[in-house]
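J.: One predicted model, sequence on top.
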Amino acid sequence: MSGHSKWHNIQGRKNAQDAKRGKIFQKISRDLYQAAKAGDPDPANNPQLRLVMEKANAANMPKKNVQRAIDKATGAGGANYEEITYEGYAPGGVAVMVSALTDNKNRTAAAVRSAFTHAGGSLGANGSVAYMFHRQGLIEILRDGLDKSEDDVMMDALDAGADDMKSTDEKFIISTDPSSLTKVRDALQGKGYDLDTAEVTMIPENKTKVPDDKVNQYQHLINELQNNDDVADIYEAGYIQEDN
């Protein structure tokens, strides 16, 4: 049993590391797409795209993944990509929204439905869980290397037009009205802040604990979605209780 337990623990840590890595790549892919879509696809003429590509390189993101994200934005190869949102329930009844960028709706819909089914969840109709989330501008600033006090950051954020700010040991989390995100982002960058995240996201109204006996299935669903090249974002209304 001890050998099995050790293997289970190692496998659990590996799954958690893979999930974290997948989430990082997913976020960078989305940022690459947005930067290339909004400006010149040539990083030499697009400072924002160049910055995201540097983050991709630092995260050891494969070059083919980087190029794929840029190709989606530019329509390289003649493909036209569109944004589609899927809604469903993960194991344990947890609400999940999936944002995808796809050139083949049938392929993506089948893959997303399959991921939910394999994990014991279910894909729902449009509007089935959207009411459980609200749109919000989100800006994150890492504490590491930042020569500013928490009060200074809060004052700068409020002066820029932010609604609120929370802090953790690693970063400052600034919330804005979705329509004010660009203004707040530009103002903070103008003050010299290096932003780790600046996006409009979906925030759950309430978080639901994933039942202990459904954790593996829940993680399987999230991992399968993250490994789908068409998936750009996953918004979860669940959380996993960490062991003390």
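T.: Good, I have the coordinates. Quick caveat: nothing in here was measured; it's all calculated off a predicted structure.
J.: My reading is that S29 is in a helix; is that accurate?
T.: Yes. According to DSSP: H, G, I helix; E, B strand; the rest coil, S29 belongs to a helix.
J.: That one: how many residues sit nearby?
T.: Neighbourhood size, S29 [other Cβ atoms under 10 Å]: 24. C-betas here are computed from N, CA, C, even on glycine.
J.: from memory it sits against A232, does it?
T.: Yes. In terms of Cβ atoms under 8 Å, S29 counts as a neighbour of A232; the distance is 6.9 Å.
J.: Tell me where the protein has strands.
T.: With DSSP state E as the criterion, the chain has strands at 82-90, 94-102, 122-124, 133-142, 164-167, 171-176, 197-204, 208-209, 231-236, 238-239.
J.: Any chance of the ones you listed in TSV with mean neighbour count, distance to G75 and mean pLDDT as columns?
T.: Converted to TSV, the strands of the chain look like this (neighbours: other Cβ atoms under 10 Å; distance: least, Cβ to Cβ, whole Å; pLDDT from 0 to 100):
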stretch	mean neighbour count	distance to G75	mean pLDDT
strand 82-90	18	11	94
strand 94-102	23	12	93
strand 122-124	16	28	95
strand 133-142	18	26	94
strand 164-167	14	38	95
strand 171-176	21	30	96
strand 197-204	17	22	89
strand 208-209	14	39	93
strand 231-236	22	16	90
strand 238-239	18	35	91
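J.: Quick one: closest of those strands to D151.
T.: In terms of Cβ to Cβ, the element of those nearest to D151 is strand 164-167, at 10.4 Å.
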